[in-house]
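In: what would the 3D arrangement of this be:
(one chain, ligands or ions: 2)
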Amino acid sequence: MEISRLRIHVLVDNLVVNPGKILGEWGLALLLELVYEDGSVRYVLYDTGQSGTCLLNNVEQMRLPLEKVTHIVLSHGHYDHTGGLVKVLEKLNSVGVRPHVIAHPSIFEKKLAVRKGEIRYIGIPFKREEIEARSWLVLTRDPVSVVPGVLFSGEVLRYGYPEYTPDMYVAHPDGRLVRDSMSDDAALIVQTKRGLVIVTGCGHSGILNIVEHARALTKTQKIFAIVGGLHQEREPPENIEKLCEELAKRGVELVVPLHCTGLRATSIMLNKLKERILLAGAGSSITILS
Ligand SMILES: [Fe+2]
Ligand SMILES: [Fe+2]
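Out: Ligands and ions are numbered 1, 2, ... in the order given. Sure thing, here's the model as predicted:
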């Protein structure tokens, strides 16, 4: 069934565009509102922010129907994308909703950041059982259909473009620390009549790898829009400009840089891609397709 309208509501972001009753925190949560040609509407939640408090406050302030969420997709295991999950599930359970939760199995790895000799746990703050008790948990490395026209990317194939995994490690059960390849980093791919809409959490696997993966998976060349975290905070300006050129080359019409894209990178992107960049933050409702 064809998607006739798509809106993406930014429930959690570290930037608040219109401060007031909307709260911000380091993290990301996006609510996809999909309207199909027969008039039916589906809601998919992508990530849950860090605390849950921010998401629950903002969804209420934005008067959005959280109880209509049937599927929650986790972009990867980091705490700033998964930390709100149990609070959201408890809220949904309290109104009789038990959603599907879809993610890559590696979200439960012991994920660490090692910075200046300091080791910090940055993984999911819940045990698998806590999630299974409140939802239908689907762990898959493979792409799966979430709702009509929306695909979970599964593990993103690497096409040789930059990946963004600085200082990230996984502690193995035998105590070894190994570099985290972030195989759990997964995107949502929405198939619309204007082309693909790619939604990313942090984009650790590299936005251009994600783009090529989405194209190959859907056999669709046209990328209409990219929305989400692009992890450009520590990239030198020339790399960010190069990325913009690659996106322009692929005919991307709209980029909404959020979360870990960073303000510096966003301003470089704005200079380069001009009206193709849309600035947004917590509290924003973006009409992608109307
Ligand atoms: Fe993040
Ligand atoms: Fe991350």
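In: can you pull the contacts of residue 172?
Out: Going by CB atoms under 8 Å, 6 or more residues apart in numbering, residue 172 touches 110, 178. Where C-beta positions appear, they are placed from N, C-alpha and C, glycine not excepted.
In: phi, psi for residue 288 please.
Out: Main-chain torsions, residue 288, degrees, to the nearest 10: phi -90, psi -40.
In: how about it: what's its closest non-neighbour residue?
Out: By the measure of CB to CB, 6 or more residues apart in numbering, the closest residue to residue 288 outside its immediate chain neighbours is residue 6, 4.4 Å from it.
In: secondary structure element for residue 10?
Out: Secondary structure from DSSP states H and E places residue 10 in strand 3-12.
In: which bits of this structure sit near ligand 2?
Out: Residues of the chain lying close to ligand 2 (CB under 5 Å from the ion) are 78, 202.
In: and the helices in the chain?
Out: For the chain, the helices defined by DSSP state H cover 53-61, 79-82, 85-94, 128-132, 207-218, 237-249, 263-273.
In: what's the fourth one packed up against?
Out: What it means is helix 128-132. helix 85-94 (3 or more CB pairs under 8 Å, 6 or more residues apart in numbering; DSSP states H and E).
In: show me what the helix it packs on is in contact with.
Out: In this structure, residues lying in contact with helix 85-94 by CB under 8 Å, 6+ apart are 45, 48, 51-53, 55-56, 66-67, 69, 72, 74, 98-99, 101, 124, 126, 130-131, 134-135.
In: for that helix, buried residues please.
Out: Going by neighbour count (16 or more other CB atoms under 10 Å), the buried part of helix 85-94 is 85-89, 91-92.
In: show me what contacts residue 278?
Out: Contacts of residue 278 (CB under 8 Å, 6+ apart): 254-256, 286.
In: same thing but 7 Å
Out: For residue 278, the contact set (CB atoms under 7 Å, 6 or more residues apart in numbering) comprises 254, 256, 286.
In: how close does it get to residue 254?
Out: The gap separating residue 278 from residue 254 is 6 Å, by CB to CB, to the nearest Å.
In: hey, which of the helices of the chain is tucked in deepest?
Out: Comparing those by mean neighbour count (mean count of other CB atoms under 10 Å), helix 79-82 comes out on top with a mean of 25.
In: so for that helix, mean pLDDT?
Out: For helix 79-82, mean pLDDT rounds to 98.
In: just the CA trace of that helix, in CSV.
Out: What follows is helix 79-82, C-alpha atoms only, in CSV (Å, rounded to 0.1, in the frame of the first residue of the first chain):
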residue,chain,number,x,y,z
TYR,A,79,22.2,4.7,26.0
ASP,A,80,21.1,8.0,24.4
HIS,A,81,18.9,6.1,22.0
THR,A,82,17.6,3.3,24.2
